[in-house]
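J.: no letters, just coordinates:
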Ligand code: HEM
C-alpha cells in the first residue's frame, strides 16, 4: 500500500516542478550562526510546500455518477511564485548543527562536491580549482558554508520583487552574498544546444500526479517508492534512506547543484565536421549523441528524422513511455547516447542470462529541476551560458554519482568499453586506452564520431540538503535534533 506523503512538510518543486519560466539562485555564506538562524527564521514561512502544488479536489460526484465513471482530475495549479532553500554540509554546521547530527548525513554530502572531483571526472577545465570563487575551498581547506535560496516566477516583472527582498534580507552582518545566477526556462523548453528538455522524470508513489493520457506500455511510468528521493521513507529495496534523527531525517532530500557551462560554437562546429565526414545532417549527429531529436522524439521510437516542424504535446506518450529492449544493438538509439546512458530503462542486458529488466535502472533515477542560464547564443555569443543542473535524490552516491561515474564517464556497463557520454562524460585521467575515446553509432554502415572537445565544463557546484519544513524550522530555532 502506498503511504500518503505529508505534503505540508515537503518543499515544493521536489515532487512536482514549479513549471515557472524565470528563477534566481542566491548563494549566501553563513559566517555567524545567530545571524544565519534569524535569517532562516524570517524566510521559512515563505518556502513553498508540496501541498501548494496539489490538484484541487474535484467536486464530489453523486454516488450514482461515481459508479458510472471516474471524474477527470482537475488540472494541478501552477503556483504564481516558488521559494526553495537548501544548505551545504558546512552551511548546516555554520548554523550550529551538532557534529553527531551531521554524522547522520551521507559521507559524500559531508565532503562536498569538490572533494568528489575524481569520482565525477572534474579535471582539466572542470577542475574545482578553476570553479567560481563562491565554491572554492577556504580556511582549513573546507568548502564554504553555503545556503542556496532559489526564487521562481513566471516572468521577470514578478521575479524582481522576490529577488530584491531576498537581497535586502541578506544584507546584514554575519551573512555574505557570494554568488547569484539568474536562470530561465525558454518558451520552447530548449536547452542551449537546441534540444527540448524535461520530458523524462520519475513518478513518485504517494505524490500528486498528472493524469496519464492512455495506458502505459513500458514500466517507465510505474511509480518509484518515495524513499528513492526523500529521507525517512522506504526505497525500492525496502530500506530507509539514512539520515540524522529528528526532523532533518524525514521529508528532506539531497540537492545536487552543478553549473555546467556549454560551448555552443564548439558544439556546432563539431556537429558540422562529423556530419560532413559521415554523410549525415548535423541534426542527426546531435540526435545520435543525445538519443532524442531536437523536438524531443526519442530515437528508439523514431530513428529517422521526424518532421522538424512538428511541435509535440508534452503529454504525448511517445515522449517517455518507451524502453530499449527492442533495440539491443543500439541501431535505433546508440548504446552510448546521453539519455540511454543516464537511464538505460529496460535495456540492461548483460548477455549472460541475467536480465534485470528495468529493476537496475530504477535504482539510479533522479528528479531533475535544472534550468538554463545565460543568453541565447545568437544574442550574445561571447557570454557564458549553460545549464544550472539540479537533481533531487535520496542517495548522492547511488543515484547521481553512480550515473555520472559509471554510466557517463565509462562505457563498460553497456559493452562499449572506454567510450564516454558525448556531452557530460569525462575520461578517467591517467587511464591509458591506447586510443582516444570515440562514440560508436551502430548501423549499416557503423559510424565512429571523433572524440568531442570539452563542450560542457563544470564551472562550479555543491551538494546541498533541502530540508523539510519542520527541519527548516528546527534549524532556525536552534534545535535541529527536534
Ligand atoms: C549541459 C549538460 C546537459 C545537457 C545539455 C543535457 C541534455 C539533456 C537532454 C536534451 C535530455 C532529454 C530530455 C529528457 O529526456 O527529459 C536529457 C535527459 C536527461 N539527462 Fe541530461 N543533460 C545535461 C547534463 C546532465 C547531467 C549532469 C546528468 C546527470 C548526471 C543528466 C541526466 C539526465 C537524465 C537522468 C535524463 C533523463 C533520461 C531519461 O530518463 O530518459 N544530464 N539531458
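T.: Arrived safely. Keep in mind that this is a model prediction, so the values were computed, not measured. Residues are numbered from 1 along each chain as shown.

J.: excluding chain neighbours, what is closest to the closest residue to the ligand within the stretch 301-450 of the chain?
T.: When scored by Cβ to the nearest ligand atom, the stretch 301-450 of the chain has residue 343 as its residue closest to the ligand, at 3.4 Å. (Glycine included, C-beta is placed from N, CA and C.) Of all residues not flanking residue 343 in the chain, residue 361 sits nearest, at 5.7 Å (Cβ to Cβ, 6 or more residues apart in numbering).

J.: which residues touch that neighbour?
T.: Residue 361 is in contact with 343, 344, 345, 346, 347, 348, counting by Cβ atoms under 8 Å, 6 or more residues apart in numbering.

J.: how many neighbours does the last one have?
T.: Neighbour count for residue 348, taken as other Cβ atoms under 10 Å: 18.

J.: again with the third one
T.: Under the neighbour criterion other Cβ under 10 Å, residue 345 is assigned a count of 22.

J.: neighbours around the closest residue to it other than its chain neighbours, how many?
T.: Leaving out its chain neighbours, the residue that sits closest to residue 345 by Cβ to Cβ, 6+ apart is residue 323, at 4.5 Å. Applying other Cβ under 10 Å, we find 18 residues neighbouring residue 323.

J.: contact partners for residue 323?
T.: Residue 323 neighbours (Cβ under 8 Å, 6+ apart): 218, 219, 220, 300, 345, 346, 347, 358.

J.: if I look at the first one, how far off is residue 291?
T.: This means residue 218. 15 Å (Cβ to Cβ, to the nearest Å).

J.: go on, the fourth one?
T.: Noted for residue 300: a distance of 8 Å to residue 291, by Cβ to Cβ.

J.: and what of the fifth one?
T.: Here the distance between residue 345 and residue 291 works out to 11 Å (Cβ to Cβ).

J.: I'd say residue 466 and residue 12 touch.
T.: No: if you go by Cβ atoms under 8 Å, residue 466 and residue 12 don't touch, sitting 10.4 Å apart.

J.: so those two - more neighbours on which side?
T.: Shown here are residue 466 and residue 12; by other Cβ under 10 Å, residue 466 has more neighbours (25 against 22).

J.: residues of the stretch 101-250 of the chain that sit close to the ligand?
T.: The stretch 101-250 of the chain has residues 191, 193, 195, 197, 198, 199, 200 near the ligand, with proximity defined as Cβ under 6 Å from any ligand atom.

J.: can you rerun that using 5 Å?
T.: Within the stretch 101-250 of the chain, the positions near the ligand by Cβ under 5 Å from any ligand atom are 191, 195, 197, 199, 200.

J.: report the two of the residues you listed separated the most.
T.: Farthest pair in these (Cβ to Cβ) is 191 and 200. Separation: 13.7 Å.

J.: next, the buried residues of stretch 145-155.
T.: Residues of stretch 145-155 classed as buried by neighbour count (16 or more other Cβ atoms under 10 Å): 145, 146, 147, 148, 149, 150, 151, 152, 153, 154.

J.: and residue 79, how far is that from residue 27?
T.: The gap separating residue 79 from residue 27 is 23 Å, by Cβ to Cβ.

J.: of the two, which one has the most company?
T.: A direct count of neighbours by other Cβ under 10 Å for residue 79 and residue 27 places residue 27 higher, at 24 against 20.

J.: quick check: chain neighbours aside, which residue is closest to the residue of the stretch 1-150 of the chain found nearest the ligand?
T.: Proximity to the ligand, evaluated over the stretch 1-150 of the chain using Cβ to the nearest ligand atom, is greatest for residue 120 at 8.8 Å. Of all residues not flanking residue 120 in the chain, residue 404 sits nearest, at 5.3 Å (Cβ to Cβ, 6+ apart).

J.: just confirm the one you found contacts residue 118, I think it does.
T.: No: using Cβ under 8 Å, residue 404 is not in contact with residue 118, being 11.7 Å away.

J.: more crowded one of the two?
T.: Applying other Cβ under 10 Å to residue 404 and residue 118 shows that residue 404 carries more neighbours, namely 24 against 11.
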